[in-house]
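Colleague: Pasting the sequence and the predicted model now:
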Amino acid sequence: MNEQNSGRIIDVIIPAHNEEKSIPKVLGEISKELVRQVIVVCNCCTDNTFSEAEKHGAVALEENRKGYGWACLKGMDYMKDAPPDIVVFLDGDYSDYPEEIEMLVEPILKGEAKMVIGSRVLGEREKGSLTPQQVFGNWLATRLIRLFYGARFTDLGPFRAIDYEALKALKMSDKTYGWTIEMQIKLVKKKWPFAERAVRYRKRIGVSKVSGTVKGTVLAGIKIIFAVFKYRF
């Protein structure tokens, strides 16, 4: 652990569904000096993601209930006996840049924020890395959050860091597509400080299980819009 962390422990949770080709690349670019452990949660995987994660030094878990939120909750449950100070959530498809974790956790280490969102909208992104429906969905969801909660986000990006005690206090419950927006809305309702940092974004390896299908896109859109109103009351 380097001097900047002042002894703060950082763990990473990677929800993954059939990412055997990309997970070695992701794990290979996560700093072992910065991060204590990486937990890869294989969500209904039918390929070699589990063994590839173990081979490249991660803790590999299996979650057979389908859903992004289920995978995140599995990772959180694993770390509860030896909790970190900060949790980073990162996708396993190699669309994010793992070396930017250090930049992402900085506002939390400095006491300036409880949560930091890696904003793909503010950063540089490879052409075609975000589909038109993703761009529109982000725009709509962040405008609704601003309208109903007064918080200015630019993205619902899954690449994010959050103080562990704050994460526990949010009592996360969404099991599928609404995980990221639930976290943002609940944190805003508690009036805790947050920040965004511009992150780079590239085309993922493989096909997205959400934005890569019409069904996934529609279901995710409905869930996100529903979440805006669900947590309003």
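Modeller: Right, received. Where do you want to start?
Colleague: all helices of this protein, in order?
Modeller: Remark: helices assigned in the chain by DSSP state H are 23-28, 49-55, 68-79, 101-109, 132-149, 164-170, 179-189, 214-230.
Colleague: Show me what the last one is packed up against.
Modeller: When contacts are defined as 3 or more C-beta pairs under 8 Å, 6 or more residues apart in numbering; DSSP states H and E, helix 214-230 packs onto helix 132-149, helix 179-189. Every C-beta, even on glycine, is put in place using the N, C-alpha and C of the backbone.
Colleague: still on that earlier bit, out of the helices of the chain, which gets nearest to Asp91?
Modeller: Closest to Asp91 of the helices of the chain, according to C-beta to C-beta: helix 23-28, at 8.0 Å.
Colleague: Pull the distance from the closest one to the chain's centre.
Modeller: 16 Å (C-alpha atoms, centre = their mean, to the nearest Å).
Colleague: With stretch 61-73 instead?
Modeller: That offset, for stretch 61-73, works out to 13 Å (C-alpha atoms, centre = their mean).
Colleague: Could you list the residues in contact with that stretch?
Modeller: Stretch 61-73 has contacts (C-beta atoms under 8 Å, 6 or more residues apart in numbering) with 13, 15-17, 39-45, 50, 74-75, 78, 89, 158, 172-179.
Colleague: repeat for stretch 167-181
Modeller: 65-70, 72-73, 76, 87, 141, 145, 156-158, 160, 182-183, 186-187, 190, 210, 219-220, 223-224, 226-228.
Colleague: hmm, which of those residues are the buried ones?
Modeller: 67-70, 72-73, 76, 87, 141, 145, 156-158, 160, 182-183, 186-187, 210, 220, 223-224, 227-228 (16 or more other C-beta atoms under 10 Å).
Colleague: Geometrically speaking, which residue is the centre of the chain?
Modeller: Pro158 (3.1 Å; C-alpha atoms, centre = their mean).
Colleague: pretty sure it is touching Asp93, no?
Modeller: No: under the criterion of C-beta atoms under 8 Å, Pro158 makes no contact with Asp93, lying 10.0 Å away.
Colleague: residues contacting Gly123?
Modeller: Ala198, Val199, Arg200, Tyr201.
Colleague: in this protein, which segments are predicted with low confidence?
Modeller: 1-6, 208-217, 220, 233 (pLDDT under 70).
Colleague: how does it look with 50?
Modeller: 1-3, 211-212 (pLDDT under 50).
Colleague: Identify the residue nearest Gly206 in space, chain neighbours excluded?
Modeller: Leaving aside its chain neighbours, Gly206 sits nearest to Asp93 (6.1 Å; criterion: C-beta to C-beta, 6 or more residues apart in numbering).
Colleague: Give me the neighbour count for the one you found.
Modeller: 25 (other C-beta atoms under 10 Å).
Colleague: please begin residue numbering at 37 from this point
Modeller: With the count now opening at 37, the last piece we talked about shows up as Asp129.
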